[in-house]
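1. Fold the following and give me the result.
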Amino acid sequence: MKGSRTDDTPFVGLDDTHLGDFWRWAYSDLTSNTIRPVMAEFIVGSLLGVESDGRVSWDAADLV
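-> Got it, this is the predicted structure:
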């Protein structure tokens with residue numbers, strides 16, 4: 001299922017609630033000290049043209 005989740009992926013059993021609703025609720029504060037490094041990793045990967053299916057916490061490397 002990795003890579004197949006999008007913001008319009010529905011939560012089963014929750015009418016009109018989607019994964020994007022959770023992402024906005026949980027991760028919209030980009031100034032948080034736990035979100036900033038993840039955002040920086042995303043920006044650097046984008047600038048370098050590194051493609052990824054998604055971030056893996058505690059992986060051996062941040063970007064390959």
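2. What distance do you get for residue 26 to residue 19?
-> 10 Å (CB to CB, to the nearest Å). Bear in mind the C-beta positions are built from the backbone N, C-alpha and C, glycine included.
3. the more surrounded of these two?
-> Set side by side, residue 26 and residue 19 show more neighbours around residue 19, with 14 against 9, by other CB atoms under 10 Å.
4. State the distance from the more buried one to residue 32.
-> In terms of CB to CB, residue 19 sits 19 Å off from residue 32.
5. same check, this time on residue 7
-> Between residue 7 and residue 32 the computed distance is 19 Å (CB to CB).
6. same thing with residue 53?
-> Taking CB to CB, one finds residue 53 at 24 Å from residue 32.
7. Neighbour count for these two, which is higher?
-> residue 32 (12 against 8).
8. Help me confirm that residue 7 comes into contact with residue 23.
-> Yes. At 6.5 Å, residue 7 counts as touching residue 23 under the criterion of CB atoms under 8 Å.
9. Tally up the residues packed near residue 9, please.
-> So residue 9, with other CB under 10 Å, has 13 neighbours.
10. so who does the nearest residue to it once chain neighbours are set aside touch?
-> Nearest residue to residue 9, sequence neighbours excluded (CB to CB, 6 or more residues apart in numbering): residue 19, at 4.2 Å. The contact partners of residue 19, taken as CB atoms under 8 Å, 6 or more residues apart in numbering, are 5, 6, 7, 8, 9, 10, 11.
11. Apply 7 Å and report the result again.
-> Residue 19 makes contact with 5, 7, 9, according to CB atoms under 7 Å, 6 or more residues apart in numbering.
12. Okay, and the first one sits in which element?
-> Mapping residue 5 onto the secondary structure by DSSP states H and E places it in no helix or strand at all.
13. Next up, the contacts around residue 64.
-> With contact set as CB under 7 Å, 6+ apart, residue 64 has no partners.
14. and it, how far is that from residue 13?
-> Taking CB to CB, one finds residue 64 at 37 Å from residue 13.
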